[in-house]
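Novice: please work out how this folds:
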Amino acid sequence: MTPTQLQHRRAHNLLLISKLLYGRDASPFTLVIDSLEQSGKRLIREFIKRATIAKTRVIYVSFETLKMPRGVDVFIPASKQNPQTLQKEISAAEINTKCLLIFDSLNMLTSNPSANLPAFLSSLISPSMSLLAMYHQDVPLCVPHDLAHNPHPLSLLKYLATAILTLHSFSHVLAQKSARDHSLAEPVFGISEEIEGVIQGLGSNEPRGVVLEMEYRRKSGRGVREWFFLPSITSTSTTSSTAVRTKEIAILLEDHPLYRHVLANGTEEGGGGKRGEGEGMTSTFNLELTEKQRRDREGVVLPYFDAQREDGVGEGGRILYDMGEEDDFDEEDDEI
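Specialist: So this is what the prediction gives:
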């Protein structure tokens, strides 16, 4: 990829993630997939902050949240409601203005046999309302016996969503990249370790920020995949109307200095120094020529060099050959 193409990709994808986070008509249905290694609550708070900045009405449907988050306009407890009653209550909270509908968890709905998940979610999306829903992929799913032949709810949600944000721990991503750079097997964490008693791995829920694996689907059907790093900003107020950010804080994961030059011990290459933009790959041996080697190479006379000159002995490309004692003379070769 040329520098111009790389710059275009960086600018385009950063603009795209900014539109998604601010809810600027980029995705009618955004699915957030979190796990025990990286919770999605921090990302949901970021969505609420930016909706407050954009003056978007926030409707929060709670299945596991007890207290209404800051910046939410309508809080709907839904853990004891059936899908039909919940749909009516959401429709009553919607007004003729731009709204962001947030589900803090879809796991309970996916386990409800009376809930037609595609029809239920599609009925909530409208030109004035976008849907943001979170799914915990580590929570076991209780599938009824008569629905066992249906596709997995997560596969169905991925099919319905127009944007998918999968969360990863920054520490775990750094450890996996370090293993790849050293041609080692990537480490696994938490439940994937398959060690008795281990549920959550070391480095989970990294306080420095969260890694977003984005899959965005355009209207044309073409998909965009990118990895981002969203740092933690705790000083941003959600209630102040002047808390408008002039610059996007999300960056491409490959632009993070720790990700670009991470070593096995988690430190930056060169003791934390930053490598220049034009510097190439490092090697254990020298690929450069010394001045003496360069002069010696230029002084070497190539075989039949004089035959390549029109005014030389070879008369413009004719090859001269002196026969030796061991050569067998052939008249046909001499004619050539």
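
Novice: now what about the strand or helix carrying Gln293, what contacts it?
Specialist: Per DSSP states H and E, Gln293 falls inside helix 291-298. Residues outside helix 291-298 that contact it (CB atoms under 8 Å, 6 or more residues apart in numbering) are Leu289. C-beta coordinates here come from the backbone N, C-alpha and C atoms, glycine included.

Novice: ok, now with 10 Å
Specialist: 288-290 (CB atoms under 10 Å, 6 or more residues apart in numbering).

Novice: Phe120: what's it in contact with?
Specialist: Per CB under 10 Å, 6+ apart, neighbours of Phe120: 83-84, 86-87, 109, 112.

Novice: between the residues you listed, which is closest to Glu46?
Specialist: Nearest to Glu46 among the contacts of Phe120 is Leu109, at 23.4 Å by CB to CB.

Novice: the closest one is in what secondary structure piece?
Specialist: Under the criterion of DSSP H and E, Leu109 resides in helix 107-110.

Novice: same question for Phe229.
Specialist: strand 223-231.

Novice: just Ile59 next, same as before
Specialist: Here Ile59 sits within strand 57-62, counting by DSSP H and E.

Novice: partners of that strand in the sheet?
Specialist: strand 74-77 (parallel), strand 99-103 (parallel) (DSSP bridges).

Novice: in the first one, which residues are buried?
Specialist: When burial is assessed from 16 or more other CB atoms under 10 Å, strand 74-77 yields the following buried residues: 74, 76.

Novice: what's the first helix or strand after that strand?
Specialist: helix 83-93.

Novice: same question for that following helix, mean pLDDT?
Specialist: For helix 83-93, the mean pLDDT works out to 90.

Novice: please apply the same query to stretch 248-263.
Specialist: 84.

Novice: now find how far off-centre that stretch is within its chain.
Specialist: Averaging C-alpha coordinates over stretch 248-263 and over its chain gives two centres that are 11 Å apart (CA atoms, centre = their mean, to the nearest Å).

Novice: ditto for stretch 52-61
Specialist: For stretch 52-61, the distance to the chain centre is 26 Å (CA atoms, centre = their mean).

Novice: that stretch - what's its average pLDDT?
Specialist: 93.

Novice: pull out the buried positions in it.
Specialist: Here stretch 52-61 shows 52-53, 56-61 as buried, counting by 16+ other CB under 10 Å.

Novice: can I get those in CSV including distance to Arg180?
Specialist: Shown next, in CSV, are the buried residues of stretch 52-61 (distance: CB to CB, whole Å):
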residue, distance to Arg180
Thr52, 39
Ile53, 38
Thr56, 40
Arg57, 44
Val58, 39
Ile59, 42
Tyr60, 39
Val61, 39
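
Novice: hmm, which two among the residues you listed are most spread apart?
Specialist: Greatest spatial distance among the buried residues of stretch 52-61 (CB to CB): Ile53 and Val61, at 21.7 Å.

Novice: residues contacting the residue nearest to Glu206 when sequence neighbours are not counted?
Specialist: Nearest residue to Glu206, sequence neighbours excluded (CB to CB, 6 or more residues apart in numbering): Phe170, at 4.1 Å. Under the criterion of CB under 10 Å, 6+ apart, the neighbours of Phe170 are 38, 203, 205-211, 229-232, 253, 256, 258-259.

Novice: buried only: go through these for me.
Specialist: If we count by 16+ other CB under 10 Å, the contacts of Phe170 have these buried: 38, 203, 205-206, 209-211, 229-230, 253, 256, 258-259.

Novice: number of residues surrounding Gly201?
Specialist: 20 (other CB atoms under 10 Å).

Novice: kindly report the same for Ala185.
Specialist: 8.

Novice: follow-up on the earlier one: in helices only, show me the buried ones among the contacts of Phe170.
Specialist: Among those, the ones falling in helices (DSSP state H) are 258-259.

Novice: could you redo the buried ones among the contacts of Phe170 as a markdown table and give each row distance to Glu196?
Specialist: Below are those laid out as a markdown table (distance: CB to CB, whole Å):
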| residue | distance to Glu196 |
| --- | --- |
| Gln38 | 23 |
| Gly203 | 20 |
| Asn205 | 22 |
| Glu206 | 25 |
| Gly209 | 31 |
| Val210 | 29 |
| Val211 | 28 |
| Phe229 | 33 |
| Leu230 | 34 |
| Leu253 | 33 |
| His256 | 35 |
| Leu258 | 32 |
| Tyr259 | 32 |
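
Novice: of the buried ones among the contacts of Phe170, which is the nearest to Ser130?
Specialist: Distance ranking of these against Ser130, using CB to CB, places Leu230 first at 19.1 Å.

Novice: skipping its backbone neighbours, what lies nearest that closest one in space?
Specialist: Ala250 (4.8 Å).

Novice: would you agree the one you found is in contact with Leu14?
Specialist: Yes - between Ala250 and Leu14 there is a contact under CB atoms under 10 Å: 6.9 Å.

Novice: shared neighbours of those two, anything?
Specialist: Phe228.
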